[in-house]
Structures are given as structure tokens and as C-alpha cells.
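Visitor: what would the 3D arrangement of this be:
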Amino acid sequence: MSLHSKFQERQFWGALKLFRNILLWNGLLPDDTLQDLGLSKLLNRYLIIALTNNAYIGPDVVKKCSQIAACLPERWFENSAMRTSIPQLANFIQFLLQSAHQLSTGEFRNEVSEIILILVKVKALNQAESFVKEHHLEPLHPESQVSERRV
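Guide: Numbers count the residues shown, from 1 in each chain. You can find the predicted model right below:
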């Protein structure tokens with residue numbers, strides 16, 4: 001790994017730690033304030049940029065995306081009627097879909113499944129179902145394995 005890559009790794013994990021700590025204020029701060037600070041400012045400005053700068057999309061990137069999704073408060077996604085996610089997650093969802101497309105051409109079936117589970121967790125159900133249909137994968141079930149696997 002080059003010095004540049006090592007620096008980017010440290011920067012990503014430091015930003016993720018800050019992201020996790022900010023989202024711990026869930027329930028104490030209003031959702032719109034927390035979403036603006038955590039999602040609009042930190043996720044979209046630092047974490048997504050760090051993810052897109054990876055030269056290689058593979059299991060490591062999927063692990064990072066899983067870590068991001070694990071930080072998100074479940075309360076934000078409890079509405080069972082939701083078919084689309086929080087607007088501030090649009091860049092994250094787009095990155096997930098691009099990564100899934102790249103990984104689907106290789107031997108990374110498990111990673112593609114993991115990405116689909118992340119999409120389901122963040123209630124990007126329309127995008128997840130479209131991807132599943134497009135790539136002829138097993139159909140999604142209403143309460144997918146997300147709760148069991150704790151993405």
C-alpha cells in the first residue's frame with residue numbers, strides 16, 4: 001500500500017468513527033438536525049468521497065458500506081410503507097448500486113447479496129428490486145434477512 005492509500009484508510013476510519021459518534025445523538029437531537037450533520041455533511045462529503053476514491057471495488061468496500069449502514073438509526077427506517085430511502089442517502093445508495101454492478105460481473109456473489117441487504121436496510125426497496133430483476137437474482141422477501149444478519 002502506498003502512503004496515499006494508508007492516509008485514505010486512516011481518514012476513512014476516523015470519519016466513520018466520528019459518523020458513528022454523531023449518530024449516537026439519535027433521540028436527543030431532532031432527526032432533521034442529525035440527518036443534516038451526519039448524512040449531508042459527513043457521509044456525503046467525506047465517507048462517500050473516500051469510498052469512490054478506491055481503485056478496487058471488492059470485499060473491503062462492501063465491508064465499509066456495511067459499517068456505514070450499521071451506524072444508521074433503525075428508527076429512521078421503521079415506516080413499513082417506505083419504498084424509497086431518506087433523501088440524504090441518495091449518494092450512498094447510488095454508490096451501492098454502482099458497486100453492485102461492478103461486483104456482479106465477477107466472482108463476488110456474496111458481496112452483491114450483502115449490498116442488496118444494505119439497500120433493503122436503508123429502505124431503498126425500489127432500487128434493490130430493480131437490481132435483482134435486472135441481474136436475475138433471487139427475489140426479495142418483505143422482511144429480508146437484514147434483521148438476522150444485522151447489516
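Visitor: pull the longest helix from the chain.
Guide: Selection of the longest helix in the chain by residue count, based on DSSP state H, yields helix 3-23.
Visitor: give me the buried positions along that helix.
Guide: Q8, F12, A15, L16, F19, I22, L23 (16 or more other Cβ atoms under 10 Å). For every residue, glycine as well, the C-beta is placed using N, CA and C.
Visitor: kindly report the same for stretch 118-132.
Guide: Residues of stretch 118-132 classed as buried by neighbour count (16+ other Cβ under 10 Å): 118-125, 127-129, 131-132.
Visitor: that one - what's its average pLDDT?
Guide: Averaging pLDDT along stretch 118-132 yields 91.
Visitor: likewise for stretch 66-74?
Guide: If you average the pLDDT values across stretch 66-74, you get 95.
Visitor: for the longest helix of the chain, packing partners?
Guide: Applying 3 or more Cβ pairs under 8 Å, 6 or more residues apart in numbering; DSSP states H and E, one finds that helix 3-23 contacts helix 48-52, helix 59-71.
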